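S.K.: Fold the following for me, if possible:
(one chain, ligands or ions: 2)
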Amino acid sequence: MALHTIRLPLRILHLEDSVADHELTCMTLRRAGMAHTVHQVDTLDAFRNALCHGAFDVILADYNLPGFTAMDAWALVSGETGHPPFILLSGAIGEAAAVDAMRLGIADYVLKDEMARLPHVIERAREVHEARMAREQAARDLAHSQQRLAELTEHLQSSIEQERAAISREIHDDIGGSLTAILFDLAWIGRHAQQAEVCRHAQAATSMLQHALEASQRIMMNLRPPILDQGIVAAVQWLANGFEQRSGVTTQVCSSSATIALSADIQLVAYRTAQEALTNASKHARAQAIQIDIADTGGVLTLEISDDGCGMEDGALRKAKSFGLRGLRERAKTVDGWLDVSSRAGEGTSIILSVPLHRSSEEEKTP
Ligand SMILES: Nc1ncnc2c1ncn2[C@@H]1O[C@H](COP(=O)(O)OP(=O)(O)O)[C@@H](O)[C@H]1O
Ligand SMILES: [Mg+2]
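M.R.: Ligands and ions are numbered 1, 2, ... in the order given. All right, here's what the predicted structure looks like:
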């Protein structure tokens, strides 16, 4: 093991009441070529004080000291996050005490009679310590970036919903209003036209216009169906009916009650979950039938969409460019809920959204 790695001198805190042993320790480290600075203390107060005011890379401690043991010193250190490795450097203390010390988290134990081992033990303890610090930092960084990703997703989802609502309003107010006015004018022209050709053109324009009006209605419905105002059960039923008509796949909805009161945000999460699950069923499942169950029993909203299709292939949920189910997972989290996906090849797929309904009744309003 390389003891001569280029590092700043090792800062050692040495808890030792014997000057001779302290000198021996320093000499051993010097001989091993281990650059170091050392601060020696021999009382618990001085030890505590040194910890408060100094920064150390390693702590060496004799076991038996006047009026206390190394374990009292360890108790001061062990609660601190990122504390340096703590090594017992002592005369024989008996197997039971040594086992106890290691169990409590002490980095290592070196007998003064085997002082030559010390440089290696320090190196190893420092490596373990650095690896642990790096691991803890990586875990903190990961948690932080997961948190940021969740916040970004929530922000994006709510921006999308706001944008959808705004586009839908504009289609309704501007385009819908103008098209309806043109429809009236065309009808007037048709009624007052003298020439048959003008009448024909007015009729052709009217039917084109009706087509455009239907299209704008359809786009508005898809952006944010007004049926959501009638509650989640009605909205899911409406979604299922439309899906059945378009796809020809039998789609049944079963609900624990005729209406389920939900806050606007939970309702939207449930609606988008049903919508994506149906889209997936038509895109991927080759299903014959779909069953949707919705219930609010036991203070939890559960929405289950099951198909009898081909089931998911291996790795389907890890596909790089598939964000449907990942988005639903993140959406569920925004209302403290979660999404379960279960699927077996040839036996269909079930998507289950669960959301605890712990919010106060004042918040439970429809959008
Ligand atoms: N109902 C289903 N039946 C079979 N496979 C499915 C079903 N739903 C999803 N999958 C699989 O899981 C993948 C991920 O789905 P999703 O996240 O919604 O992304 P996308 O639909 O855009 O591919 C799909 O590409 C598909 O392979
Ligand atoms: Mg999808």
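S.K.: what bits of the stretch 251-367 of the chain have low per-residue confidence?
M.R.: Judged against pLDDT under 70, the low-scoring parts of the stretch 251-367 of the chain cover residues 359-367.
S.K.: This structure against ligand 2: which residues are in contact?
M.R.: When proximity is defined by CB under 5 Å from the ion, the chain lies next to ligand 2 at 280, 324. In this view, the C-beta of every residue, glycine as well, is placed from N, C-alpha and C.
S.K.: got the contact list for whichever residue of the chain sits closest to ligand 1?
M.R.: Taking CB to the nearest ligand atom as the measure, the point where the chain comes nearest ligand 1 is residue 324, at 2.4 Å. Counting by CB atoms under 8 Å, 6 or more residues apart in numbering, residue 324 makes contact with 276, 279, 280.
S.K.: most surrounded residue in those?
M.R.: Counting neighbours by other CB atoms under 10 Å, the top entry in the contacts of residue 324 is residue 280, with 22 neighbours.
S.K.: Skip the chain neighbours and tell me the closest residue to that one.
M.R.: Closest residue in space to residue 280, ignoring its immediate chain neighbours: residue 324 at 6.2 Å, by CB to CB, 6 or more residues apart in numbering.
S.K.: for the one you found, phi and psi?
M.R.: Geometry field for residue 324 lists phi and psi as phi -60, psi -60, criterion degrees, to the nearest 10.
S.K.: Go through stretch 65-84 and flag the buried ones.
M.R.: For stretch 65-84, burial by neighbour count (16 or more other CB atoms under 10 Å) applies to 65, 69, 70, 71, 73, 74, 77, 83, 84.
S.K.: Take the residues you listed and lay them out in a markdown table including secondary structure and pLDDT.
M.R.: Formatted as a markdown table, the entries for the buried residues of stretch 65-84 read as follows, by DSSP: H, G, I helix; E, B strand; the rest coil; pLDDT from 0 to 100:
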| residue | secondary structure | pLDDT |
| --- | --- | --- |
| 65 | strand | 94 |
| 69 | strand | 93 |
| 70 | helix | 94 |
| 71 | helix | 94 |
| 73 | helix | 95 |
| 74 | helix | 95 |
| 77 | helix | 93 |
| 83 | coil | 91 |
| 84 | coil | 93 |
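S.K.: which one of these sits closest to residue 248?
M.R.: Residue 248 has its nearest neighbour among the buried residues of stretch 65-84 in residue 83, at 67.1 Å by CB to CB.
S.K.: contacting residues around that closest one?
M.R.: Residue 83 sits next to residue 77 when contact means CB under 8 Å, 6+ apart.
S.K.: Please report the distance of it from residue 121.
M.R.: Shown here: residue 83 relative to residue 121, a distance of 17 Å by CB to CB, to the nearest Å.
S.K.: What count of nearby residues applies to the residue nearest to residue 348 when sequence neighbours are not counted?
M.R.: In this structure, residue 348 finds its nearest non-sequential neighbour in residue 308, 4.5 Å apart by CB to CB, 6+ apart. The burial count assigned to residue 308 is 19, neighbours taken as other CB under 10 Å.
S.K.: what does the one 4 residues further on give?
M.R.: Residue crowding around residue 312 was assessed by other CB under 10 Å; the count is 19.
S.K.: how much space between residue 8 and residue 80?
M.R.: Distance of residue 8 to residue 80, given as CB to CB: 21 Å.
S.K.: repeat for residue 209
M.R.: For residue 209, the distance to residue 80 under the criterion CB to CB works out to 76 Å.
S.K.: could you measure whatever residue of the chain ends up closest to ligand 2 against residue 331, distance?
M.R.: Closest to ligand 2 within the chain is residue 324: 2.7 Å, counting by CB to the ion. When distances are taken as CB to CB, residue 324 and residue 331 turn out to be 11 Å apart.
S.K.: do residue 253 as well
M.R.: 21 Å.
S.K.: ditto for residue 221
M.R.: As defined by CB to CB, residue 221 lies at a distance of 20 Å from residue 331.
S.K.: Could you report the neighbour count for residue 97?
M.R.: Every residue meeting other CB under 10 Å relative to residue 97 is counted, giving 18.
S.K.: That one - that's part of a helix, no?
M.R.: Yes: checked against DSSP: H, G, I helix; E, B strand; the rest coil, residue 97 lies within a helix.
S.K.: correct me, but it touches residue 70?
M.R.: No: Residue 97 lies out of contact with residue 70 (CB atoms under 8 Å); the separation is 9.5 Å.
S.K.: which residues do these two both contact?
M.R.: Taking CB under 8 Å, 6+ apart as the contact definition, residue 97 and residue 70 share the neighbouring residues residue 63.
S.K.: If anything else comes up later, I'll come back, but that's it for now.
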